[in-house]
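Student: Can you look at this prediction? I've put the sequence above it.
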Amino acid sequence: MRETIKQYIENKSVLILGFGREGKSTYQLFLKVGGYKSITIADKNPISYELPKEVGVITGEDYQKTMNDYDIIMKSPGIVLEQPLSYYTCKIASQTELFFARYGRQIVGITGTKGKSTTTTLLYHILKEAGKPCVLAGNIGIPAFDVAEEINEDTIICFEMSSHQLEYMTVAPKYAVLMNIHEEHLDHYGTMEKYVAAKENIYRNQLEGDMLICNAEILPEPDTCRAKVISIDYASGNRNADIQVGETYIKYQGEIYEIPTQEISLIGVHNYYDIGVAYAYAKEFGVSKEAFTKGLKTYETLPHRLQFVGKVDGVKYYDDSISTICDTTIQALNSLKDTDTVLIGGMDRGIDYRELIEYLGGHPVPHIILMEATGKRIYEEIQSSYPKFQNKERIELVEHLEDAVALAKKVTAKDRSCVMSPAAASYGIFKNFEERGEIFTKLVYS
């Protein structure tokens, strides 16, 4: 990896755009490699990190104004470029781009609006438990450069990929996964078409002989993917899919794998879909059914993803703070059959809640507690536009999460479940979805 980087930055003026976790990781490795002409850090926010005086620093609203003065820009994910890509005369790259250029033949790249973190960590855990050399990296919170020193020629790299990482990619992993695509991140992309195009970059640059596992509903258009495409879907929805996911099984390559549903931490068919992806790639890498089952049974659910918080005063509480779209809340209610109360709402990004409202209108959950800006909008839309919504008296509108949990404690029946599955972003209210989940847990036990 160091040799690849040295060749890339030698005698070049480098600008690191964004100085969060990945920007710091890039800076540290470039410092070790050396050979660059100059290095500058640019970030909208002030930089408190101690830097030598020879390192340039640009901060404030104009931090992107001088990009064309540099040879190479190392862009951090999530930063929105102020100009179209064609405007820039500099080379714009990223950790992910350089890492994939070096190790792409060893990478399983996993993306999708939802499910990518669970699938990536599940596959990594199963491979590791089966004795396969592997590392975990990417959008999961582990910068690619941080694991470069651990990689040998036979190492399998399980890499979670966000749309931000994929947006400008020109290389692709040998093994790819496109889980699903739902309306999301429109505040960044502006249109759904641009968001979809970013996600599709995971396969557009794949080569002959590569492999793509793709949701059967969003298969590549003809002549857009050179890889072998393996479709996946719920068996009830598409019995022609290559990987079929049922309520208790995975069917792939003519074989049935029975999921030990009572012995694993993953709940619900949407999580079994993740298992189906992991099963196919584990099989590709020579993991036996027995080894797969062993790894599946010892896998721990990631925090804030339909995570069981505990039983308090006879009520079971679940934290599904990762839920930021309609589909994840629907999946939560489909998975937790005994849900008595659901908590919904957060930052309003203007997404369409029709699907969720129609689902709730016919769902028997006794208590629907709506909160924050999206909760208020959902409440108003139900009252004004959905006369057939069943038992509107089930709906309660409150201000904040604290109020929602307090009400849930009063109304939720014993021996049944209460789930916070917001179907909305946390930004502007909490630092991130992790903080929202942690505060939910504290409120449950307070």
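Tutor: Alright, I've got the coordinates.

Student: what ranges do the helices span in the chain?
Tutor: With helices called from DSSP state H, the chain shows them at 2-9, 21-33, 95-103, 116-129, 163-166, 186-189, 192-204, 269-284, 289-298, 326-335, 354-362, 372-385, 401-411, 433-445.

Student: Does anything pack onto the second one? Which helices or strands?
Tutor: Contact here means 3 or more Cβ pairs under 8 Å, 6 or more residues apart in numbering; DSSP states H and E; on that basis helix 21-33 packs against helix 2-9, strand 13-17, strand 38-43, strand 72-75, helix 95-103. Yep, even glycine has a C-beta here, placed from its N, CA and C like the rest.

Student: do that again at 7 Å, thanks
Tutor: Here helix 21-33 touches helix 2-9, strand 13-17, helix 95-103, going by 3 or more Cβ pairs under 7 Å, 6 or more residues apart in numbering; DSSP states H and E.

Student: follow-up on the earlier one: make a markdown table out of the helices of the chain and add mean neighbour count and distance to residue 251.
Tutor: Shown next, in a markdown table, are these (neighbours: other Cβ atoms under 10 Å; distance: least, Cβ to Cβ, whole Å):
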| stretch | mean neighbour count | distance to residue 251 |
| --- | --- | --- |
| helix 2-9 | 16 | 41 |
| helix 21-33 | 19 | 39 |
| helix 95-103 | 22 | 32 |
| helix 116-129 | 24 | 18 |
| helix 163-166 | 24 | 30 |
| helix 186-189 | 15 | 35 |
| helix 192-204 | 18 | 23 |
| helix 269-284 | 23 | 9 |
| helix 289-298 | 16 | 13 |
| helix 326-335 | 21 | 20 |
| helix 354-362 | 16 | 27 |
| helix 372-385 | 17 | 37 |
| helix 401-411 | 18 | 39 |
| helix 433-445 | 18 | 33 |
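
Student: want to throw the ones you listed into JSON lines with mean pLDDT and distance to residue 63?
Tutor: Shown next, in JSON lines, are the helices of the chain (pLDDT from 0 to 100; distance: least, Cβ to Cβ, whole Å):
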{"stretch": "helix 2-9", "mean pLDDT": "92", "distance to residue 63": "20"}
{"stretch": "helix 21-33", "mean pLDDT": "94", "distance to residue 63": "12"}
{"stretch": "helix 95-103", "mean pLDDT": "96", "distance to residue 63": "19"}
{"stretch": "helix 116-129", "mean pLDDT": "98", "distance to residue 63": "29"}
{"stretch": "helix 163-166", "mean pLDDT": "93", "distance to residue 63": "17"}
{"stretch": "helix 186-189", "mean pLDDT": "70", "distance to residue 63": "17"}
{"stretch": "helix 192-204", "mean pLDDT": "94", "distance to residue 63": "23"}
{"stretch": "helix 269-284", "mean pLDDT": "96", "distance to residue 63": "38"}
{"stretch": "helix 289-298", "mean pLDDT": "98", "distance to residue 63": "44"}
{"stretch": "helix 326-335", "mean pLDDT": "94", "distance to residue 63": "34"}
{"stretch": "helix 354-362", "mean pLDDT": "97", "distance to residue 63": "38"}
{"stretch": "helix 372-385", "mean pLDDT": "97", "distance to residue 63": "29"}
{"stretch": "helix 401-411", "mean pLDDT": "98", "distance to residue 63": "34"}
{"stretch": "helix 433-445", "mean pLDDT": "97", "distance to residue 63": "26"}
